[in-house]
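[1] the sequence and its predicted three-dimensional model are supplied below.
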Amino acid sequence: MAKYTAKRVVMALLTLLVVACITFFLMNAIPGNPWLSEKTPSQATIDALNAKYGLDQPLIVQLGKYLGNLLQGDFGVSIKMQKNRPVLDIILEMFPVSAKVGIVAICWAVVVGVPLGCLAAYKRGTWVDSLLRVVCTIGISMPGFVVATILLHTLCGGIEGLKIFPTIFDGTLKSYVLPCAALGFYPMCYLSRQTRTAMLDSINQEYIKTARAKGLKNKKIIFKHALRNALIPVITYLGPQIAFTLCGGLVVEKVFSIPGLGRYFIQSIQNRDYPVIMGTTIFLAAFIIVMNLLVDLAYKLVDPRINLSKGGN
Amino acid sequence: MAEHKRKKTFGSLQPDIEDILSWNELPGDAFEAATTEERENFIQDRKSVSYWADAWRRLRKNTVAMVALCIVVIIALFAFIGPMVVPYTYKQQVRGSESLHPWHYSLEDQKRISDYLEEHNGAGKLTPDEAVEKARAEAAAAGKTLSRVEEAKIRAQANVSQGQTAEEVTQADAVKALGIQSKPFGYSMQELQRKAAGEDVFPHVFGTDEQGRDIMVRVMVGARVSIIVGVCAALLVLVIGALYGSISGYCGGMVDTVMQRIVELIYSIPEMLIILLLSATLKPALEQFQNSGNGPLQNLVTILGPNIIAMFIAFGLLYWVTMSRIIRGQILQLKQQEYVTAARALGAKGGRIIKRHLLPNCVGQIVTTTFLQIPSAIFLESFLSFVGVGVSAPLTSLGSMCSEALSGLTTYPYRLFIPAAILSLLILCLNLFGDGLRDALDPRLKK
């Protein structure tokens, strides 16, 4: 286990380094510079600004310096959008908003999706199963912005007399409801489909036959024996789903005008605010990679049948 | 039958070989050519079912998949044939028909509505200028002139009374009161008059946007862009994934280990972030390249548009990983088979074995995975376009249409819901058909 964990941690760090390098060279490849605005500054000003923020040095030196600072927890300062404010500050201000929406979304997706999947497997072949399958297939085929705008339109005053939720995001509890609902819908449908498949798989296993032969009640078989084993593969989907929810949050943040990190990330790309781009990418990437790592490790812990020496294949 | 010498000696345990051998001697008329009828019957009885015919037979039984296929074909026809039928183009701004709803009232009804509005709102409610004119006329009749202050007062009063829209009768109220039924499709006033004059006017089936562009044509073109992006991205993924996966699987050993470490690395990179960055980076870079000269490559970029190419590159760089893993797994199994050893013994080179023996044997998996890439590529394209780094003006896609319609959602909800519905339907049907295809091509996976 220790060897496997060490290998995965090294791999995660390497991934993060690669992400940092890719991001760095990509954003420097974007034509234009951060100083362009309505009035073009003079060449002397540009040179002075470049010198101030160290943008006049060769890219490799810049990258090396940045990574060195990063190891000490220094994300640099914003050079355009919120001038001279530390990037970490900005991230720590924006991220909680995105994270709150994302966590609530993932939670309700698990709490609703997994039982629905069980129900579909339990009632296999009946109308309940068919209905759930239709709903879930539609759910994974609807892009996030479609779900979000439908909710926004129907429940925020689009239909007369149906203005339950505020149109503008103001941080109150009520304004969180719709973004979370919209964001969690896709993972909910996805998880429910995966749970159903996993349940059907484990119902056909030998140990279920044994349990039946022992004379256990159907409910106990389903919930104690089948579900527990079916949940193991479902856990593996959680890692990518968390990543998806965080990035899918971009769309929901745009529709509901939430001041979250995702929206800020896109604005920073459009503004060529290099340190903000780097900082946000590395932060989000690190978050996603750590989540994936934790889920993978939990997976191996939960299921003792998995051979650790073979690694992630 | 020919005469044989008797060799049988009493008590011998030797079998009569001559006799046994003679069994092989068949008379000349023992065989006769089958009649054509017999031949055909035989062929029909033992007709060999090819892999694809078998898959097609299974697929045809799957009603859901077939319905999904039909819908996909209909949407594709709508997207590719539609723009040829409709006389408008996606960037043509039709003068005088801005912001049309997808319904209209006939000329007589419009007259009734405006009469009704005049009747209920017209009297007493004047625009500020009209009020001033009226007051001036009255003053002139009384032999006085109005001072500037008085004029301003009148103007302000008129403004206030105009602002009280709550009491004003709107068009919707008029329609309700008169019981007028709206007719489908959008026409502007001029178009209705031209139509009344006997001209053939093509309706704006889904209305027009605020710049007078026909929404139906834009939806068609948007769907076309989405389908093209989906198919091309899937093919790109197929080529890269198949090449990488088969080389990695076939070579094995050190090569495989290194190649798989790279795959693992790319697999754990959060792709959405990188794709966002990539499309933002590549778009201006490609635009620069496009303007740099007039070679064949530059023309290609112009035809496809830099946004779409940027998306292809992003897709090609990151999304082949799953495909390569699937193909590697298949190849690892298949390369132990005897026919591969036989081919190698005959002196076939690695490339030939992969191309002629290994890949054709995992074609089912390849087709299914490629097909399921299409909806996911469309999904991603719409996501990028919606966020604003995908397809951009003047070209349109379903995602960017939704993004544009977001600002006017309350007034023109259908501008968002029409492209959104078509997008969702397209992805849904592609997913359903892909599932059906998987069941048909690999019956072992069927649950």
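    Sure thing, it's come through.
[2] from here on, contacts and neighbour counts on C-alpha atoms
    Will do.
[3] any idea which helix or strand carries the closest residue to chain B within the stretch 201-313 of chain A?
    Using Cα to the nearest Cα, the single residue of the stretch 201-313 of chain A nearest to chain B is A:A285, 6.0 Å away. Secondary structure from DSSP states H and E places A:A285 in helix A:274-302.
[4] against which helices or strands is that helix packed?
    Counting contacts by 3 or more Cα pairs under 8 Å, 6 or more residues apart in numbering or on different chains; DSSP states H and E, helix A:274-302 packs against helix A:2-29, helix A:87-122, helix A:227-255, helix A:261-271.
[5] how about those in a markdown table, adding mean neighbour count and mean pLDDT?
    Listed next are the helices and strands packed on helix A:274-302 as a markdown table, based on neighbours: other Cα atoms under 10 Å in any protein chain shown; pLDDT from 0 to 100:
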| stretch | mean neighbour count | mean pLDDT |
| --- | --- | --- |
| helix A:2-29 | 16 | 84 |
| helix A:87-122 | 20 | 86 |
| helix A:227-255 | 21 | 78 |
| helix A:261-271 | 21 | 80 |
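[6] put together JSON lines for those, with distance to B:M311 on each row.
    Shown next, in JSON lines, are the helices and strands packed on helix A:274-302 (distance: least, Cα to Cα, whole Å):
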{"stretch": "helix A:2-29", "distance to B:M311": "14"}
{"stretch": "helix A:87-122", "distance to B:M311": "26"}
{"stretch": "helix A:227-255", "distance to B:M311": "17"}
{"stretch": "helix A:261-271", "distance to B:M311": "16"}
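[7] out of those helices, which gets nearest to B:K111?
    Nearest to B:K111 among the helices and strands packed on helix A:274-302 is helix A:227-255 (39.5 Å), distances taken as Cα to Cα.
[8] and that closest one with helix A:261-271, angle?
    50 degrees (axes from the mean of the first three to the mean of the last three Cα atoms, to 10 degrees).
[9] hmm, helix A:227-255 touching chain B?
    Yes: judged by Cα under 8 Å from any Cα of the partner chain, helix A:227-255 comes into contact with chain B through A:243, A:247, A:250-251, A:254-255.
[10] hmm, A:L250 and A:R263 touching each other?
    Yes: in this structure, A:R263 is within contact of A:L250 by Cα atoms under 8 Å, at 5.7 Å.
[11] and chain A, which residues reach chain B?
    For chain A, the contact set with chain B under Cα under 8 Å from any Cα comprises A:11-12, A:14-16, A:19, A:23, A:26-27, A:29-31, A:137-138, A:140-143, A:145-146, A:149, A:153, A:158, A:243, A:247, A:250-251, A:254-255, A:266, A:269-270, A:281, A:285, A:288-289.
[12] at 6 Å what do you get?
    Counting by Cα under 6 Å from any Cα of the partner chain, chain A comes close to chain B at A:15, A:30, A:141-142, A:158, A:285.
[13] ok, the residues of helix A:227-255 next to chain B vs B:P270, which is closest?
    Among these, A:A243 lies closest to B:P270 (Cα to Cα), at 7.3 Å.
[14] name the nearest residue to the closest one, sequence neighbours excluded.
    A:I288 (5.3 Å; Cα to Cα, 6 or more residues apart in numbering or on different chains).
[15] likewise for A:V135?
    In space, and not counting its chain neighbours, A:V135 is closest to A:C189: 7.7 Å by Cα to Cα, 6+ apart.
[16] element containing the one you found?
    Using DSSP H and E, A:C189 sits within helix A:173-203.
[17] just the local confidence number for residue 284, please.
    No chain in the question, so chain A it is. With respect to pLDDT, A:L284 scores 83.
[18] wrong chain, I was asking about chain B
    According to the predicted model, the pLDDT of B:P284 comes to 72.
[19] what's near enough to touch it?
    B:P284 makes contact with no residue, according to Cα atoms under 6 Å, 6 or more residues apart in numbering or on different chains.
[20] quick revisit: separation between the residue lying closest to the residue of the stretch 201-313 of chain A closest to chain B once chain neighbours are set aside and A:I282?
    Among residues not flanking A:A285 along the chain, B:P270 sits closest, at 6.0 Å (Cα to Cα, 6+ apart). With distances taken as Cα to Cα, to the nearest Å, B:P270 is found 10 Å from A:I282.
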